[in-house]
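Engineer: Just need the structure, nothing else, for what follows:
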Amino acid sequence: MSVSGRRLAGHIGWNILGQAAPIVVALVSIPVLTRGLGPDRFGLLVLGWTFVGYFSIFDLGLAVAMERSVARQVALGEQERVHTTVWTTLLVMFGLGAAGFAVAWLVAPVLVHSLRASPGLQSEALTTVHLLACSIPLVIVSVGLRGVLAAHMRFRLINAIGIPLGAWTYAGPLLALPLTHSLVVMVAALLAGRIAGFCVYAAFCVSIVPSLRRPSIDRSVVRPLLTFGGWLALDDLIDPLMGFLDRFLIGALVSVAAVAFYSVPFQLAAQGWIIASALSGVLFPLLSGMLAGGVERARVIFRRTVKYLLLGMFPGVLLLVAFAQPGLQLWLGGDYAARSAGVLQLIAAGVLITSLGSVGGTFNGGAGRPDVNAKLGLVKFALHVAPLWWVLPRFGIVGLAALWLACVSFEAAGMLVVAMRSQGVRWTHIARRAGQFGAVLVVLGVAALDLPLAWKGVYVAAVIAAGGVVAWTRVIGPAERRIVRRRLGFMPVAASGS
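Structural biologist: Predicted coordinates for the structure are as follows:
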């Protein structure tokens with residue numbers, strides 16, 4: 001692996017760690033907080049976490065739009081333009097955050113009343129929501145500052161800041177628990193963590209881009225960033241809206257219990273998206289900078305990413321598909337195994353497909369075409385929503401999972417095809433790749449069959465062994481094989497030819 005390759009792998013590793021570490025802290029903290037706070041207070045705290053997670057939607061995609069613009073300016077050697085782009089964008093983002101604060105502050109009484117909290121918690125809940133509202137501008141501008149660091153490929157630094165910040169979301173209330181059960185104190189601790197994170201992000205941005213010490217505003221920057229960011233914001237809304245609608249209609253048309261039988265396997269399989277998300281976070285500024293100077297280098301990165309993502313994710317997805325039923329039986333019992341195994345198998349296949357599609361979506365965004373992704377997402381949404389009222393009563397949650405798989409496969413294929421065509425790839429080559437991936441789906445389909453456990457074990461072992469041989473001889477190139485041999489100690493460093 002080249003030096004740049006090692007750096008790329010390191011960036012991705014840091015991004016994965018940055019997403020996984022807070023989850024570990026949450027797993028430790030949540031049971032203690034649940035017992036210590038009781039259901040009402042803990043429910044309000046969870047709502048607070050949820051609100052903070054969604055505050056970034058107020059930026060209308062400007063953080064990512066700015067990240068792309070700065071990455072291109074750095075790649076083209078136009079550093080003198082960076083501070084103007086950053087200052088202008090952050091000012092607009094602060095304005096959007098201030099508007100979000102005003103809206104949240106005004107609707108807080110209505111929101112608290114609608115929660116039907118106990119009378120003793122009403123005042124505390126209102127103060128808590130007001131504190132959360134105060135954090136909106138801070139959260140939004142912090143996302144923008146993080147984008148500046150990402151545009152400069154400082155992912156180790158981003159996660160060195162983000163991991164403690166994400167962990168504090170759960171650790172802050174946990175540390176406050178022995179002293180008080182007040183939600184106001186716990187949310188104030190969260191707000192203090194956000195303030196500290198903002199200050200650290202800002203300090204490092206100024207260190208990396210010293211010209212940021214001089215404010216500079218250019219209104220002509222705003223319109224193209226808003227256009228780009230608007231498409232991103234639209235695209236980002238589609239999947240959460242689909243997920244909410246799915247679960248609402250499951251409860252309305254099937255049963256409330258079926259919501260859990262669908263959501264639990266969905267969330268289990270969805271953990272695979274951590275890998276794709278970590279990759280996309282690194283690829284977006286990298287491809288944005290590369291595409292500013294032409295498509296050749298970006299094409300190489302695109303192909304390798306799709307290849308490595310497929311090789312890395314397929315074994316895990318195969319295991320989930322093959323052993324969904326016994327795995328759920330062991331984890332959650334026979335009821336979940338009987339009702340949710342088919343859902344888990346279909347969603348796992350969809351996670352693989354959407355992860356590969358996200359590489360195409362990232363390429364399209366880096367190339368300045370976020371509208372492609374958003375338009376495909378809108379078509380996906382229409383294809384998914386239209387048959388829901390017919391599918392759910394007849395085929396239940398497994399039918400819904402199959403419908404979801406079909407719709408996200410359409411979207412992923414569309415994003416990949418657009419990305420490949422923009423690279424000059426011929427239709428015949430695209431058709432050949434589609435056929436090869438079709439064979440992968442057939443392999444997963446066989447693994448999903450209701451076969452004896454021992455037969456499944458033999459099948460999975462045979463597929464992984466055969467897949468390893470095919471990957472080594474047909475997928476991985478000679479230079480990559482030399483790297484693997486050297487890493488495993490089968491080749492002296494001098495023999496690598498690098």
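
Engineer: Who are the contact partners of residue 60?
Structural biologist: 96, 226, 229, 230, 233 (C-beta atoms under 8 Å, 6 or more residues apart in numbering). For the C-beta atoms, the positions are set from N, CA and C on the backbone; glycine is no exception.

Engineer: scratch that, residue 399 is what I was asking about
Structural biologist: Contact analysis of residue 399 by C-beta under 8 Å, 6+ apart lists 391, 392.

Engineer: how much space between it and residue 140?
Structural biologist: 39 Å (C-beta to C-beta, to the nearest Å).

Engineer: follow-up on the earlier one: out of the contacts of residue 60, who's nearest residue 199?
Structural biologist: Among the contacts of residue 60, residue 96 lies closest to residue 199 (C-beta to C-beta), at 20.7 Å.

Engineer: Might you report the residue contacts of that closest one?
Structural biologist: Going by C-beta under 8 Å, 6+ apart, residue 96 touches 58, 59, 60, 62, 140.

Engineer: Export the contacts of residue 60 to TSV and append columns for secondary structure and distance to residue 172.
Structural biologist: Converted to TSV, the contacts of residue 60 look like this (DSSP: H, G, I helix; E, B strand; the rest coil; distance: C-beta to C-beta, whole Å):
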residue	secondary structure	distance to residue 172
96	helix	26
226	helix	34
229	helix	31
230	helix	34
233	helix	29
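
Engineer: quick check, nearest of those to residue 152?
Structural biologist: Nearest to residue 152, judged by C-beta to C-beta, of these is residue 229 at 19.6 Å.

Engineer: pretty sure the closest one is touching residue 67, no?
Structural biologist: No - Residue 229 is beyond contact range of residue 67, at 10.3 Å (criterion: C-beta atoms under 8 Å).

Engineer: tell me the two of the contacts of residue 60 that are most distant?
Structural biologist: 96 and 230 (12.0 Å).

Engineer: coming back round to it: are any of the contacts of residue 60 buried, and which?
Structural biologist: Neighbour counting with 16 or more other C-beta atoms under 10 Å marks 96, 226, 229, 230, 233 as buried within the contacts of residue 60.

Engineer: and residue 413, how many neighbours?
Structural biologist: 18 (other C-beta atoms under 10 Å).

Engineer: who are the neighbours in contact with it?
Structural biologist: 357, 434.

Engineer: Repeat that for residue 411.
Structural biologist: Here residue 411 is in contact with 354, 357, 376, 377, 379, 380 (C-beta under 8 Å, 6+ apart).

Engineer: how about 7 Å then?
Structural biologist: Contacts for residue 411 (C-beta atoms under 7 Å, 6 or more residues apart in numbering) come out as 357, 376, 377, 380.

Engineer: Compare these and tell me which has the most neighbours.
Structural biologist: Counting by other C-beta under 10 Å, top hit in the contacts of residue 411: residue 357 with 26 neighbours.

Engineer: thinking that one is in contact with residue 417, fair?
Structural biologist: No - counting by C-beta atoms under 7 Å, residue 357 sits too far from residue 417 to count as a contact (9.9 Å).

Engineer: Please, where are all the helices along the stretch 251-400 of the chain?
Structural biologist: With helices called from DSSP state H, counting those that start in this stretch, the stretch 251-400 of the chain shows them at 256-270, 273-291, 296-322, 324-332, 334-366, 370-385, 388-422.
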